[in-house]
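Novice: How does the following fold in three dimensions:
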Amino acid sequence: MVLQRLKWVMARFIAPALLLLVAAACPAQRSMTGATSRLMISMMPDAKKELKVTKDQDKKIQEAVKTAQKEIEAGTRQIDLSDPMGSMDIDFEPIFTEPQRSRLEELFIQANSGYALTDPKVAAALALTDEQREKAATAKSDATLELIKLMGEMRTASAMKAMKKRHIELGDKMLEILTADQKTKLETLKGKPFKFKT
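Specialist: Next comes the predicted model:
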């Protein structure tokens, strides 16, 4: 009952607010919990330049964001409480060219470290076992709970910096579930290194 109520509050109020924040006020920020979604990456100024996003494509992204918001409010889009921003990703196939989509996938993996392992596309590309998928999901859930607690205690700029550092540490720790071959494959999936400015 409590979980259902929490999902309702998330879908009705929190998720749309987060989506609007990403779409308007904070396009250059990376996620403080869970993964930085493909949508968030596609809206970062430095990533947009790397992806060569046109004005027309940018407009289509904004339209897709509005559609996603309506779906959330209507309850037809499910929200993952451990990764709300990832739940709000959009379909880039009708918006980006194949090279742009491929580069976005590379940037997604680079931006997210171990958090990317819970993404179905990444998990499939790495041929994660059921046990590895379960471990990744549990690690992400545990990390989210810890980071939300830290967020509630955040009062200073140094506390925010410490939280960002902990977010990275927890993501890197998730990579320990990979075999040596999977780690090599992950490095290949990252493509050409990209330096995020945020």
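Novice: tell me the domain boundaries of this protein?
Specialist: With domains defined by automatic domain parsing, the chain comprises 2-111, 114-190.
Novice: Lys197 is nearest to which of these?
Specialist: domain 2-111 (4.6 Å; CB to CB). C-beta coordinates here come from the backbone N, C-alpha and C atoms, glycine included.
Novice: mind checking the SS state of Gly34?
Specialist: Classification of Gly34 by DSSP: H, G, I helix; E, B strand; the rest coil places it in coil.
Novice: Next, the contact list for Gln100, please.
Specialist: Listed by CB atoms under 8 Å, 6 or more residues apart in numbering, the contact set of Gln100 reads 51-53, 92.
Novice: Please indicate which of those are buried?
Specialist: 51, 53, 92 (16 or more other CB atoms under 10 Å).
Novice: still on that earlier bit, list the ones among the contacts of Gln100 that fall in helices.
Specialist: If you go by DSSP state H, the contacts of Gln100 have Leu51 in helices.
Novice: Just put the contacts of Gln100 in CSV and tack on distance to Ala35.
Specialist: Listed next are the contacts of Gln100 as CSV, based on distance: CB to CB, whole Å:
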residue, distance to Ala35
Leu51, 18
Lys52, 23
Val53, 20
Phe92, 15
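Novice: Closest one to Gly152 out of the contacts of Gln100, please.
Specialist: Checking the contacts of Gln100 one by one against Gly152 (CB to CB), the nearest turns out to be Phe92, at 33.4 Å.
Novice: which residue sits closest to that closest one in space, ignoring its chain neighbours?
Specialist: Closest residue in space to Phe92, ignoring its immediate chain neighbours: Arg101 at 5.5 Å, by CB to CB, 6 or more residues apart in numbering.
Novice: Local confidence estimate at the one you found?
Specialist: For Arg101, the pLDDT comes out at 97.
Novice: and what of Lys55?
Specialist: At Lys55, pLDDT is 96.
Novice: which one's the longest helix in this structure?
Specialist: From DSSP H, the single longest helix across the chain is helix 130-152.
Novice: who does it touch, helix- and strand-wise?
Specialist: Counting contacts by 3 or more CB pairs under 8 Å, 6 or more residues apart in numbering; DSSP states H and E, helix 130-152 packs against helix 120-125, helix 157-174.
Novice: want to try CSV for these, with mean pLDDT and distance to Thr184 as columns?
Specialist: Putting the helices and strands packed on helix 130-152 into CSV (pLDDT from 0 to 100; distance: least, CB to CB, whole Å) gives the following:
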stretch, mean pLDDT, distance to Thr184
helix 120-125, 96, 13
helix 157-174, 87, 17
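Novice: thinking again about what came up before, sort out which one of the buried ones among the contacts of Gln100 lies nearest Leu128 for me.
Specialist: Phe92 (22.7 Å).
Novice: which residues does the closest one contact?
Specialist: 38, 42, 100-101, 104 are the contacts of Phe92 under CB under 8 Å, 6+ apart.
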